[in-house]
Each structure stands twice: as structure tokens, then as C-alpha cells.
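S.K.: Have a look at this prediction, sequence included:
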Amino acid sequence: MNNSTRTRLVAAVAAVGIGALALTACNTGDTVTNKPKAKASANKTGGKKPSAKKTATPDVAEVGDTIALKGMEDGSKLDVTLVKVVDPAKPGNEFMTPESGKRYVGVQFKLVNTGTATYGDSPGNGAQITDTDGQQFESTFADITAGPSMSSDVKLKPGAKALGWIVFEVPKGSKLATAQFTMDSGMADQTGEWKLS
């Protein structure tokens, strides 16, 4: 076996090994979490019935709740709050309107960088909503009258926050079920999910 053949053989074996390692690394087990963070100020209603009811049904994040998420890089963490939903949402101008038979839905997210690394992303790329039939809808580029859109180029140092609307275009007859948010333009392993209905 000459040196060039040996070099090619070593390179081929290395490529196969790296490919197998990459396949293993890609299959890290994505997770969807709908467990909200505990609220800082809990309302006390008195009596034991509310606490008994709370333990009987698991907490599922809804509008107004915050979910702690991790990104792909060390120190990349966000507290993501689904603040409000406007359905249907009114277009911000007459030039950008939903297609015939569709409507805009606005979802307002608040992002707080709770990590040690700077967060930089286009949050709309990692957001989607699902209807009760299981159809999933990604964000669309549109402004609505409910308020300012989420920036497409968010950069947050640790402790900083961003607030804005992400808009979706869905069929008029669709009934919303959930909203999801994933860091790193949807590439992170952990996804937050909020119940909408």
C-alpha cells in the first residue's frame, strides 16, 4: 500500500467516524416544555380547595405565563413570556393584508436574557402556532395595530429584555390550540409551548 492510498484510506475512515459522530450529536432528543415558571407573587385565596385543585391538574403554560428556555450555546438562556394574543389582528396598513380566506393572529412575546451569554437572534424564526386540527403556522412579515413588531435582529446582553408582536397568517376557520417558541431561530433542543384554547 503506497502513501497516497494509505492517506486516502485514513481520510475515508476519519470521515465515516465524524459522520457517525455528527448523526449521534444531531439526535440529542428535542424536548417541548409547557411547564411555566412559578410566579413571583401568588394570589392567596384562602382555604384548601385551590391548592388541592392545583395538585390534581398539572400546570400547563397559558397566556401570561413564563417558560425558562435554554439555547444551543453554554450560558444561553431566556425567560420567555407569552404576554397577549390578538385574534384576529388588524393589519397595520392597507398595503399588507392577509390573503383571501385568511386572518392575522398577533402573539406578543417578552424575552428576558437570564443567561451569561449575549442573545442574538431573529425571534420570529423560532415561533409558530398550531390549530386544533394540528396544522402548524410559521410567522409572517406583517405589522398589526396592536403594537410594535418584535425586531428581526434582537441582541440582548445578560439581564436585558425585548418585547414585541410576532404575526401569523392562518385560515379564517382555524381554531388556535398552542403557540411555541424555540431559541436560536428554532434550532435549539428545547421548545416552550403555551396553551391558547
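M.R.: Good, I have the coordinates.
S.K.: Helices of the protein, start to end?
M.R.: Along the chain, counting by DSSP state H, helices occupy 3-26, 49-56.
S.K.: for the first one, what is the average pLDDT?
M.R.: Per-residue pLDDT values over helix 3-26 give a mean of 40.
S.K.: Same check on stretch 160-177?
M.R.: Taken as a whole, stretch 160-177 has an average pLDDT of 97.
S.K.: same deal with stretch 118-126?
M.R.: Across stretch 118-126, pLDDT averages out at 96.
S.K.: Buried residues in it, which are they?
M.R.: 119, 121, 123-126 (16 or more other Cβ atoms under 10 Å). Every residue, glycine included, has its C-beta placed from N, CA and C.
S.K.: Ok, stretch 111-118 next?
M.R.: Buried, per 16+ other Cβ under 10 Å, within stretch 111-118: 111-115.
S.K.: from the buried residues of stretch 118-126, which two are the most distant?
M.R.: Longest distance between any two of the buried residues of stretch 118-126 is 14.4 Å, between Tyr119 and Gly124; criterion Cβ to Cβ.
S.K.: would you list the buried residues of stretch 111-118 in TSV and tack on pLDDT and distance to Gln190?
M.R.: Below are the buried residues of stretch 111-118 laid out as TSV (pLDDT from 0 to 100; distance: Cβ to Cβ, whole Å):
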residue	pLDDT	distance to Gln190
Leu111	98	14
Val112	98	16
Asn113	98	15
Thr114	97	13
Gly115	97	13
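S.K.: What about those residues, which are in strands?
M.R.: 111-113 (DSSP state E).
S.K.: between those residues, which is closest to Val154?
M.R.: Nearest to Val154 among these, with distances taken as Cβ to Cβ, is Leu111, at 6.9 Å.
S.K.: Quick check: chain neighbours aside, which residue is closest to the closest one?
M.R.: Ala162 (4.7 Å; Cβ to Cβ, 6 or more residues apart in numbering).
S.K.: Please tell me I have it right and Lys102 contacts Lys172.
M.R.: Yes. Here Lys102 reaches Lys172: they are 6.3 Å apart, a contact under Cβ atoms under 8 Å.
S.K.: tell me, how many neighbours does Pro91 end up with?
M.R.: Neighbourhood size, Pro91 [other Cβ atoms under 10 Å]: 17.
S.K.: How about Lys77, nearest residue that isn't a chain neighbour?
M.R.: Spatially, and ignoring its direct neighbours in sequence, Lys77 is nearest to Gly115 (3.5 Å; Cβ to Cβ, 6+ apart).
S.K.: What separation do you get for that neighbour and Glu73?
M.R.: 9 Å (Cβ to Cβ, to the nearest Å).
S.K.: Please apply the same query to Gly159.
M.R.: In terms of Cβ to Cβ, Gly159 sits 17 Å off from Glu73.
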